[in-house]
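Peer 1: What follows is a predicted structure for the sequence shown.
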Amino acid sequence: MVGLDEQLDVNENVLWRDKPVKMAFFLPALGGVFFALFFLAFASIWLVAGVPLLASPIVIAIPAAIILGIFIPLWQYLRGQRSEYVITDKRVIIRSGAIGRSFRFIELGKIQEAHVKIGLVDRWFKTGSIIILTATSALTSGNIGGDLIAWKGGPLPHIIPNISTIRKPYDVQKIIQDAIQDYKLKS
């Protein structure tokens with residue numbers, strides 16, 4: 001299995017490294033459990049009413065309940081377990097993925113803005129996320145599985161890199177800003 005250490009150059013200095021706070025990363029995915037319970041209650045009403053299985057909305061309600069109540073929380077849990085973030089003197093590296101491994105490399109010279117986002121769950125756990133905007137980033141249009149997305153005029157979304165649910169996000173934002181300044185001075 002390829003880790004972050006294998007991705008670092010020999011002359012690259014790590015300025016900060018961390019993983020997401022697991023409960024803060026995972027907890028928003030549990031919101032789907034309430035919808036799953038609704039779908040299961042709906043399905044049980046149809047079953048009690050004696051409606052034939054294939055002629056009822058149960059065909060949609062039960063798979064929806066399984067996806068919302070089990071699959072999405074499990075997927076987010078695995079993503080949280082396997083995510084890791086590194087800031088070096090050259091770039092930001094984000095490792096993620098529930099099953100496979102995905103690496104995002106953002107050169108410091110391409111970062112236009114790094115801002116902190118603190119949501120309701122972040123307030124409870126004293127965490128936050130850092131949204132990294134580059135020249136190719138567009139305005140955020142939504143959120144899929146914890147990833148911020150934007151559409152850039154095509155059918156496929158563009159995932160905006162972010163360092164999710166970390167402790168002391170303002171300190172990490174400062175590390176990124178200082179690293180960008182140092183990078184520009186060296187270039």
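Peer 2: Alright, I've got the coordinates.

Peer 1: Within the helices and strands, which one has G80?
Peer 2: Per DSSP states H and E, G80 falls inside helix 72-82.

Peer 1: Run through who's touching that helix.
Peer 2: Helix 72-82 is contacted by residues 20, 22, 25-26, 28-30, 32-33, 95-99, 101, 145-146, 165 when judged by CB atoms under 8 Å, 6 or more residues apart in numbering. Placement of C-beta: from N, CA and C, glycine included.

Peer 1: repeat that for 10 Å
Peer 2: Counting by CB atoms under 10 Å, 6 or more residues apart in numbering, helix 72-82 makes contact with 1, 19-33, 35-36, 66-67, 95-102, 145-147, 164-165, all of which sit outside it.

Peer 1: For burial, what's the neighbour tally of T134?
Peer 2: For T134, the number of neighbouring residues by other CB atoms under 10 Å comes to 14.

Peer 1: Would you quantify the distance from it to P73?
Peer 2: Remark: distance between T134 and P73 (CB to CB, to the nearest Å) = 31 Å.

Peer 1: so how far is the helix holding G80 off the chain centroid?
Peer 2: For helix 72-82, the distance from its own C-alpha centre to the chain's C-alpha centre is 10 Å (CA atoms, centre = their mean, to the nearest Å).

Peer 1: could you dump it to PDB, C-alpha only?
Peer 2: Output for helix 72-82, consisting of C-alpha atoms alone and laid out as PDB, is shown next (Å, rounded to 0.1, in the frame of the first residue of the first chain):
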ATOM      1  CA  ILE A  72     -23.100   6.100   3.300                       C
ATOM      2  CA  PRO A  73     -22.100   6.100   7.000                       C
ATOM      3  CA  LEU A  74     -19.800   3.100   6.400                       C
ATOM      4  CA  TRP A  75     -18.300   4.800   3.300                       C
ATOM      5  CA  GLN A  76     -17.600   8.000   5.300                       C
ATOM      6  CA  TYR A  77     -16.200   6.000   8.200                       C
ATOM      7  CA  LEU A  78     -13.700   4.300   5.900                       C
ATOM      8  CA  ARG A  79     -12.800   7.600   4.300                       C
ATOM      9  CA  GLY A  80     -12.100   9.100   7.700                       C
ATOM     10  CA  GLN A  81      -9.900   6.200   8.700                       C
ATOM     11  CA  ARG A  82      -7.800   6.400   5.600                       C
END
